[in-house]
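S.K.: After the sequence you'll find the predicted model.
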Amino acid sequence: MSLTTAFEPLRTRWAGLPGREKNGVRLAVLLVLAFLLWQFSVAPALATLRTADAQAKALAAQLQRMQAMQIQAQAVQKQPPLGFDEAVRALTAATQQTLGSTAQLGVANERASVTLKGASPDALAEWLVQARLNARSVPLEARLVRGDASGRTVWSGVLVMGLPAR
């Protein structure tokens, strides 16, 4: 069965329609095509266009944060390496100043263990920054438990920090 024979009943029906009904069918087909064009072509493009400014601002802010982190990382890399004793002194000072009585520091070989009991999240975050920048020490292992003391979040557990070789 060829394509022309398949559409023959439709052609016959079309030829029998009055001009007014033909115009109505044409208008209906035109409206359906316009809807499909809008739905699958124009509407998605407009949605993308509406959100483009917000996405560009978010990406610009993310880029600035990443560039700031890159500058900070490069500054840390350019610092001269610390000796073991200097790193221990810097880590001890950071622990006493930032964590106070909520932490105990113990040094064994090239590792420092910090035992936390009820340290606030802000103090712990500040201590980690100081440990990285001043003592050039990073966590090797962390076993922390989040708790609740008087309606505020606290951290308890052990952090094992790496130190330079002796």
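M.R.: Thanks, I have the structure now. Residues are numbered from 1 along each chain as shown.
S.K.: Test for you: state the pLDDT assigned to the residue nearest the centre of the chain.
M.R.: The C-alpha lying nearest the average C-alpha coordinate of the chain belongs to residue 62 (C-alpha atoms, centre = their mean; 9.3 Å). What the model reports as pLDDT for residue 62 is 97.
S.K.: That one should be in a strand, yeah?
M.R.: No - assessed by DSSP: H, G, I helix; E, B strand; the rest coil, residue 62 does not belong to a strand; its assignment is helix.
S.K.: ok, it to residue 69 distance?
M.R.: 11 Å (C-beta to C-beta, to the nearest Å). In this view, the C-beta of every residue, glycine as well, is placed from N, C-alpha and C.
S.K.: Ok, residue 80 next?
M.R.: From residue 80 across to residue 69, the span is 21 Å (C-beta to C-beta).
S.K.: helices or strands up against the helix or strand harbouring residue 105?
M.R.: Take DSSP states H and E as the rule and residue 105 turns out to sit in strand 103-108. The elements that strand 103-108 packs onto, with contact taken as 3 or more C-beta pairs under 8 Å, 6 or more residues apart in numbering; DSSP states H and E, are helix 84-94, strand 111-119.
S.K.: average pLDDT for the helix or strand hosting residue 4?
M.R.: Assignment of secondary structure by DSSP H and E places residue 4 within helix 3-6. Along helix 3-6, the predicted confidence averages to a pLDDT of 79.
S.K.: Do you have the strands of this protein handy? List them.
M.R.: Along the chain, the segments classed as strands by DSSP state E run 103-108, 111-119, 139-149, 152-162.
S.K.: Deepest-packed of these, please.
M.R.: Among the strands of the chain, strand 111-119 has the highest mean neighbour count (mean count of other C-beta atoms under 10 Å), at a mean of 18.
S.K.: Could you tell me which residues within stretch 89-96 count as buried?
M.R.: The neighbour-count criterion (16 or more other C-beta atoms under 10 Å) identifies 90-91, 94-95 as the buried residues of stretch 89-96.
S.K.: Redo those as a markdown table? Include pLDDT.
M.R.: As requested, the buried residues of stretch 89-96 are arranged in a markdown table below (pLDDT from 0 to 100):
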| residue | pLDDT |
| --- | --- |
| 90 | 94 |
| 91 | 94 |
| 94 | 94 |
| 95 | 94 |
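S.K.: Tell me the one of those nearest residue 11?
M.R.: Distance from residue 11 was checked for each of these by C-beta to C-beta. The minimum falls on residue 94, at 88.0 Å.
S.K.: All set, thanks.
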